[in-house]
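**Student:** My questions concern the predicted model and sequence given below.
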Amino acid sequence: MSEDSGTVEEITVVGERIRRVDPSPGFGGEITYSVYTPTGYVPFDPFSTQQIDLLFQIGPPVETPNTPTVRVDPSIPKDSPDYPRALADAMSIQEQIPAADTAINAVADNETVFMARENTMTGAQLKALWYEINYVVTTQTFGAGRGGEVVTDAAGHSTSYVNVMTIEGYQSSGGEYGTNYYLLHELAHTTTPVSSYNQSQFGIYLDRMSNAGTPDPNGEHYYENVEGIEVEKFANNTAQQFANLAGISLWANPPYGYTYP
Ligand SMILES: [Zn+2]
């Protein structure tokens, strides 16, 4: 199979993706299908008796293997009432991905991204982080003051989990710009300056609570306190720098605003 020689059509299937590769004119090959899973593309025979959900939409072609994916949390059962809601939210996020992808890829590698706290990064580093992030809509909750979390594994792959109520709140206030805010705010959290600052702020918060005689050893209230809120402001400010460089419009009034400190 040659993915370069044919037209590629991508279909979103209840949070997963089927990629259909048609042969190019004159190419006598078969039409091949695969299902996109967290571990990559897996062969799929559409004419088999294999069960597959029929709730799908035709999506844009894959521009680059580095484009972030948007999925529904696989732990939500497909017959659950939460599922259609999470799927709709995932699709609304997915709608903003192609434009964001084009804009971020247009940033020059040698461009300087100026960040708060006297940090900088390059356009190449910004793109590298974008290529490693994926987005998951979930009904999981994340504790006080939090609507989601972003997790980066040892290989540098990041997954942003967002609660349905959180993304819907952003969108009801900011429309597509609320979605853009979500995409770039989460990306900002994966930068070294913001994630390092988060670690140090978390330690400062734990010490302050402990010293005050109100220990919070698991940091359950970190994001309701000044230390956690400072990190959110730094992430917002960083997201705005990304948006300015890439020419992406963001929601005007996110939680804690764009000003740092
Ligand atoms: Zn955040």
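**Tutor:** That came through, no problem. Numbering: from 1, shown residues only.
**Student:** And the strands in this structure?
**Tutor:** Remark: strands of the chain, listed N- to C-terminal, are 8-13, 16-21, 32-37, 40-43, 56-59, 70-72, 112-115, 119-122, 133-138, 148-152, 158-163; assignment by DSSP state E.
**Student:** CA atoms only for stretch 230-245 - export them in PDB, please.
**Tutor:** Taking Å, rounded to 0.1, in the frame of the first residue of the first chain, the C-alpha atoms of stretch 230-245 are listed here in PDB:
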ATOM      1  CA  GLU A 230       0.000  31.800  38.900                       C
ATOM      2  CA  VAL A 231       0.700  28.700  36.800                       C
ATOM      3  CA  GLU A 232      -2.600  29.100  34.900                       C
ATOM      4  CA  LYS A 233      -1.800  32.700  34.200                       C
ATOM      5  CA  PHE A 234       1.700  31.800  32.900                       C
ATOM      6  CA  ALA A 235       0.000  29.100  30.700                       C
ATOM      7  CA  ASN A 236      -2.500  31.600  29.400                       C
ATOM      8  CA  ASN A 237       0.200  34.200  28.700                       C
ATOM      9  CA  THR A 238       2.200  31.600  26.900                       C
ATOM     10  CA  ALA A 239      -0.800  30.500  24.900                       C
ATOM     11  CA  GLN A 240      -1.300  34.100  23.800                       C
ATOM     12  CA  GLN A 241       2.300  34.400  22.600                       C
ATOM     13  CA  PHE A 242       1.700  31.200  20.600                       C
ATOM     14  CA  ALA A 243      -1.500  32.700  19.200                       C
ATOM     15  CA  ASN A 244       0.100  36.000  18.300                       C
ATOM     16  CA  LEU A 245       3.000  34.300  16.400                       C
END
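**Student:** circling back to that earlier point, of the strands of the chain, which shows the lowest average pLDDT?
**Tutor:** Per-segment confidence across the strands of the chain bottoms out at strand 56-59, which has a mean of 32 in mean pLDDT.
**Student:** count of residues packed around residue 171?
**Tutor:** With neighbours defined by other Cβ atoms under 10 Å, the count for residue 171 comes to 20. Glycine gets a C-beta too; all of them are placed from N, C-alpha and C.
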